[in-house]
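> I'd like to go over a predicted model; first the sequence, then the structure.
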Amino acid sequence: MVAAMDALRFPPGEVYVGRDMAGRRPTPGTADVGRYTAGTGDRHPWYEGASPFGGPVAPALLYHSEVYRDLGWYLPNLIGNLHAKQEWDLFAPMPLGSPVRTRSTVVGRYRKRDRDYVVNEVLITDDEGRWLQRSRTHQSFLADAPADDLVLDKSRERRPERRFDVEPGGEALPSFRRVVTLAMCEAFSGPVRSYHTDREMARALGFPDVVVQGMLSICLVSELMTRAFGAGWLAGGQMQISLVNVLWGDEAVTTGGTAREPQREGAAWRVPVDVWCAKDEGTKTIVGTASARR
């Protein structure tokens, strides 16, 4: 009945708020964790052995690209489309071997300057309907056809307006540096060829090189928070991230964060953290905030 009503209200292929993109019932397993590890470099011991939740648990963002399994919510102009913002709420971990259910829904559309944005929310629950996590992905699309073959070049990030500083002060979390190789991109975003894995396809979409999938940097932030807060991140973590500059294939990136004054949350404390990923010369690729319970 709902589908029939939608067909009356919207033309075929219309991307509208409320459009249901369906879901699936996967079971997190060791093969999923192996691919995640190969794509991100995150090798936390809780993914294979005992954890505060009993047995092994999946990386918090194991299903980082669930939102991209069906691209029916994308706008027609794919040239120069970019992952712009990401939100995540973590309510409970995903034990390995326990099935979960996913559901994807278009929850927002807006325009900002020369780009149209679509917001897709993915909800992951256990088999009994308990919420495990919720994410919102903001994808941006050029409103008009580009005038040049390249819609984004590597010089853009050197402009003064593309510099993003973090307020001084607070307690620095232990940072880590990682080179995002094309092999990692293939493990993270493959096996299907795309502008995240293949230079030819990247150039066809207006980019000079392989664009590292934005979700990979988001996963690096999750690794940072897992290391620092453990169970307080996997069950209670939150993040709001802006993807501000492109990370290109084979570039190195350092993931860091600064913890701010804890805030009382019931019987526990919530620790807000300014987080970022930065290239070796200092260019920030993502900036934002995350928080965890302590």
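It's in.

> Tabulate the CA atom coordinates of stretch 155-170 in PDB.
Only the C-alpha atoms of stretch 155-170 are listed here, as PDB (Å, rounded to 0.1, in the frame of the first residue of the first chain):
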ATOM      1  CA  SER A 155      45.800  22.100  -5.400                       C
ATOM      2  CA  ARG A 156      42.400  22.800  -3.800                       C
ATOM      3  CA  GLU A 157      43.500  21.700  -0.400                       C
ATOM      4  CA  ARG A 158      46.300  24.200  -0.300                       C
ATOM      5  CA  ARG A 159      43.900  27.100  -0.500                       C
ATOM      6  CA  PRO A 160      43.600  29.200   2.800                       C
ATOM      7  CA  GLU A 161      39.900  28.400   3.100                       C
ATOM      8  CA  ARG A 162      40.700  24.700   3.100                       C
ATOM      9  CA  ARG A 163      42.800  24.900   6.300                       C
ATOM     10  CA  PHE A 164      41.100  23.700   9.400                       C
ATOM     11  CA  ASP A 165      42.600  24.300  12.900                       C
ATOM     12  CA  VAL A 166      41.700  22.600  16.100                       C
ATOM     13  CA  GLU A 167      41.400  24.600  19.300                       C
ATOM     14  CA  PRO A 168      44.400  24.200  21.600                       C
ATOM     15  CA  GLY A 169      44.100  22.600  25.000                       C
ATOM     16  CA  GLY A 170      42.700  19.400  26.400                       C
END
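
> Where does the residue most central in space within the chain sit, in terms of helix or strand?
Ranked by distance to the mean C-alpha position of the chain (CA atoms, centre = their mean), the top residue is Met215 at 3.3 Å. Assessed by DSSP states H and E, Met215 sits inside helix 214-229.

> Can you tell me what sits against the helix or strand just after that helix?
Sequence-wise, the next helix or strand downstream of helix 214-229 (DSSP H and E) is helix 231-234. Identification of contacts with helix 231-234 by CB atoms under 8 Å, 6 or more residues apart in numbering yields 51-53, 57, 60, 90, 92-93, 222, 225-226, 268, 271, 292-294. Backbone N, C-alpha and C define where each C-beta goes, glycine included.

> rewinding a little: His64 is in contact with the residue nearest to the centre of the chain, correct?
Yes - contact criterion CB atoms under 8 Å: Met215 and His64 qualify, at 4.4 Å.
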